[in-house]
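Student: sharing a model prediction with you, sequence too.
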Amino acid sequence: MQGNKVCIPAPHKLSMGRDVLEEAGCELVLGKDQDEFPKHRYTEDELVELVGDSEAIWAAQRDFISGAVMARCPKLRAVIKAAIGYETIDVDAATELGILVCNSPARENFTGVAEATVGLMSMLFKRLVHNQTLLREGGWKRNEHRGNLMVGRTVGIVGVGRVGKEVAKRLGPWEMRLIGCDPYITQESVEHLGVELVSLDTVLRESDLVTLHTPLTEETRQLITLSELRKMKPTAYLVNTCRGGVVKQEDLVQALNEGVIAGAAVDVFEEEPLPMSDPIRQVDPERLIMTPHIIGTNPQSQVSGERMAAQSILTVLAGEVPETVVNPACVDSWRERFGAR
């Protein structure tokens, strides 16, 4: 790997990953430190200049790696993310250009999201935010402040992939009915988790709580709008810990303000960081729990994600295809283009 260039647009977060690459002999091209430039997003020209003749980009969440950027970086072999999500990379363009895109689905990452999702469910069903506020403001319990029993309730899982399966695994012993929708898996693959695969329409109409665990793609963008929310029970809850763009945010605000659904818990937003002027900030906090895209993050997931990303980069530079590749359709053209194995 001696002399192979790797571009890291936002280097300040990547300590272990940088060490692994440097020990392997890679030359690192480091961008602006986000601690110093917390809101800086590179323009396409800035990214092209920064990447230069690098062979891999360790992509930051804040920067969009477009087809135009990749096309202007002739030595670029791969774009790598140290997280599960890769919606800030133009995967279709990368595939056409013969460039690999890899993510880092570290177990600590998707397990952390699943644990937090179950925690948010409990908070909603048990009305924990409401009752904490009540007590802090000098109030005390009343019958109308009680939460609901979770046993026997129906939870609908939209997207039964890594995170969705981990959520189901944790809810199984709670004696809840689990239904899910995911066009890319089979009933047989989730039978052991007690999940019944149904249509999205059935999930929305029958669930007491709907939890979202899909990637953000053109297929899933604004999957949940006011139309879908109106199909849910007025006593039902929505949890979104995947990506903000899966839900049309202004429609969720309307649904919560009008009592279309009972409440929601959201860790992700259409625009991040969430602007102070966004109407979702004005929703009654007893109806909406909000966290800043952090609930699944933990020190273990950061370490594992960095290690996985660094290993993917080293595998690419060695001329091999990493197991983490998300656009396998371009593997043949990638091998032909770079003379890889």
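Tutor: It's in.
Student: next secondary structure after the helix or strand of the chain with the lowest mean pLDDT?
Tutor: Within the chain, no helix or strand scores below helix 16-23, which has a mean of 86 by mean pLDDT, DSSP states H and E. Sequence-wise, the next helix or strand downstream of helix 16-23 (DSSP states H and E) is strand 27-30.
Student: CA atoms of the next helix or strand after that next one as CSV?
Tutor: Going down the chain from strand 27-30, the next helix or strand is helix 44-51, by DSSP H and E. This file holds the C-alpha atoms of helix 44-51, laid out as CSV (Å, rounded to 0.1, in the frame of the first residue of the first chain):
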residue,chain,number,x,y,z
GLU,A,44,-17.9,19.8,-6.2
ASP,A,45,-14.9,21.8,-7.4
GLU,A,46,-13.5,21.8,-3.9
LEU,A,47,-14.0,18.1,-3.5
VAL,A,48,-12.3,17.4,-6.9
GLU,A,49,-9.3,19.5,-5.9
LEU,A,50,-9.1,17.8,-2.5
VAL,A,51,-9.4,14.3,-3.9
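Student: for helix 44-51, name the packing helices and strands.
Tutor: helix 67-71 (3 or more C-beta pairs under 8 Å, 6 or more residues apart in numbering; DSSP states H and E). Every C-beta, even on glycine, is put in place using the N, C-alpha and C of the backbone.
Student: how far away from the center of its chain is the helix it packs on?
Tutor: On the basis of C-alpha atoms, centre = their mean, to the nearest Å, helix 67-71 sits 24 Å off its chain's mean C-alpha point.
Student: in terms of secondary structure, what does the least confident helix or strand of the chain contact?
Tutor: Helix 16-23 packs on strand 27-30, helix 299-317, going by 3+ C-beta pairs under 8 Å, 6+ apart.
Student: recalculate using a threshold of 6 Å.
Tutor: For helix 16-23, the elements it packs on are helix 299-317, judged by 3 or more C-beta pairs under 6 Å, 6 or more residues apart in numbering; DSSP states H and E.
Student: grab the nearest non-local neighbour of Val239.
Tutor: Nearest non-adjacent residue to Val239, counting by C-beta to C-beta, 6 or more residues apart in numbering: Thr211, 4.3 Å away.
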